[in-house]
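*Asks:* model the structure of this input:
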Amino acid sequence: MEKEGLFTVLGGLKPISTVEHFQFPIDTTTKNLLSPEEASLQIQMLHESLKLLSDENIGFAIVPFKAFFGDSRSFQILVYHKSSVQRIIQAYPEFFIKRGVLTETDPLSLLTMVEFEEKLDRFRAYGYLFGYPTHAVDFFVKAAKHEETTGEFVKRSFFQIPVANSETGRFVYALPEDEEPSTTDLELKRKAGAILETYKRIREEQLALESDYPFLELLKFIRENLSECSCLREKSIKFLEPVN
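*Replies:* You can find the predicted model right below:
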């Protein structure tokens with residue numbers, strides 16, 4: 001919640017967010033894990049822990065990265081907001097139905113499929129699911145295709161949206177170089193800013209309570225009271241008014 005995952009668990013502004021990365025050592029020739037049994041045990045322990053943080057709407061996925069780098073294989077932990085993932089599938093039906101993806105598709109299956117897509121489709125799918133505006137997703141995919149075809153890097157700027165522990169580098173996406181942010185970009189930043197201010201207030205109140213696990217209690221409070229709110233459907237952001 002101190003990073004971009006806040007915008008997933010509190011209202012679903014970002015349908016998915018990265019939580020953490022971790023690695024296991026591999027044989028650099030075969031690319032096989034050096035200790036598959038240990039990796040299996042660690043991943044199983046993570047799955048069991050993450051289940052305790054989940055409910056019918058907020059869940060987690062552990063997905064290996066398709067690409068290999070160096071002497072390790074990297075995995076990612078993603079948090080998802082199920083109803084917001086469904087909203088994205090409904091918003092881009094032609095893209096997702098080609099993959100047999102419907103709103104009923106299990107998010108874990110979807111996220112694993114996305115990671116192993118061809119590069120440009122992977123970029124597009126992640127762009128939609130990470131909550132970036134359509135124009136930003138289109139630009140990034142076109143720029144990647146141009147570089148792939150010509151070898152020429154397309155210059156860009158980066159639109160930064162602050163999170164609780166950083167002003168930059170977390171909720172960020174590319175725009176054409178020197179292009180002014182659009183009204184869509186600014187509205188997204190406004191909504192995220194309102195979420196962040198709400199979170200800071202709730203965090204201060206909740207962490208003042210006596211608890212052995214204050215951030216777990218804070219997550220539970222947000223998950224139970226604010227994971228579904230009217231913030232995506234209204235100009236005014238009413239976080240304490242749950243969606244019926």
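
*Asks:* helices along this protein, start to end?
*Replies:* All helices of the chain, identified by DSSP state H, fall at 6-9, 36-51, 82-91, 93-97, 107-115, 119-129, 134-150, 183-207, 214-225.

*Asks:* most packed of those helices?
*Replies:* Greatest average neighbour count among the helices of the chain goes to helix 6-9 (a mean of 26), per mean count of other Cβ atoms under 10 Å. Yep, even glycine has a C-beta here, placed from its N, CA and C like the rest.

*Asks:* any chance of TSV for the helices of the chain, columns distance to Gln160 and mean pLDDT?
*Replies:* Below are the helices of the chain laid out as TSV (distance: least, Cβ to Cβ, whole Å; pLDDT from 0 to 100):
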stretch	distance to Gln160	mean pLDDT
helix 6-9	13	96
helix 36-51	28	96
helix 82-91	21	96
helix 93-97	27	96
helix 107-115	24	96
helix 119-129	16	98
helix 134-150	13	98
helix 183-207	9	93
helix 214-225	23	89
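
*Asks:* same list (those) but as JSON lines, adding distance to Ser157.
*Replies:* Output for these, formatted as JSON lines (distance: least, Cβ to Cβ, whole Å):
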{"stretch": "helix 6-9", "distance to Ser157": "21"}
{"stretch": "helix 36-51", "distance to Ser157": "35"}
{"stretch": "helix 82-91", "distance to Ser157": "25"}
{"stretch": "helix 93-97", "distance to Ser157": "26"}
{"stretch": "helix 107-115", "distance to Ser157": "26"}
{"stretch": "helix 119-129", "distance to Ser157": "16"}
{"stretch": "helix 134-150", "distance to Ser157": "11"}
{"stretch": "helix 183-207", "distance to Ser157": "11"}
{"stretch": "helix 214-225", "distance to Ser157": "32"}
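
*Asks:* looking at those helices, which is closest to Ser72?
*Replies:* Nearest to Ser72 among the helices of the chain is helix 36-51 (10.8 Å), distances taken as Cβ to Cβ.

*Asks:* so how far is Phe65 from Tyr92?
*Replies:* Using Cβ to Cβ, to the nearest Å, Tyr92 is found at 23 Å from Phe65.

*Asks:* phi, psi for the residue of the chain positioned farthest from its centre please.
*Replies:* Using Cα atoms, centre = their mean, the residue of the chain lying farthest from its centre is Thr29. It sits 32.1 Å away. When quoted as degrees, to the nearest 10, the phi and psi of Thr29 stand at phi -90, psi -50.

*Asks:* what distance do you get for it to Asn57?
*Replies:* From Thr29 across to Asn57, the span is 44 Å (Cβ to Cβ).

*Asks:* before we move on, what about Ser227?
*Replies:* In terms of Cβ to Cβ, Ser227 sits 5 Å off from Asn57.

*Asks:* tell me, what's touching these two both at once?
*Replies:* Residues touching both Ser227 and Asn57 (Cβ atoms under 8 Å, 6 or more residues apart in numbering): His81.

*Asks:* among those two, which residue is more densely surrounded?
*Replies:* Ranked by neighbour count (other Cβ atoms under 10 Å), Ser227 and Asn57 place Ser227 first, with 23 against 16.

*Asks:* I'm done for today, thanks for sticking with me.
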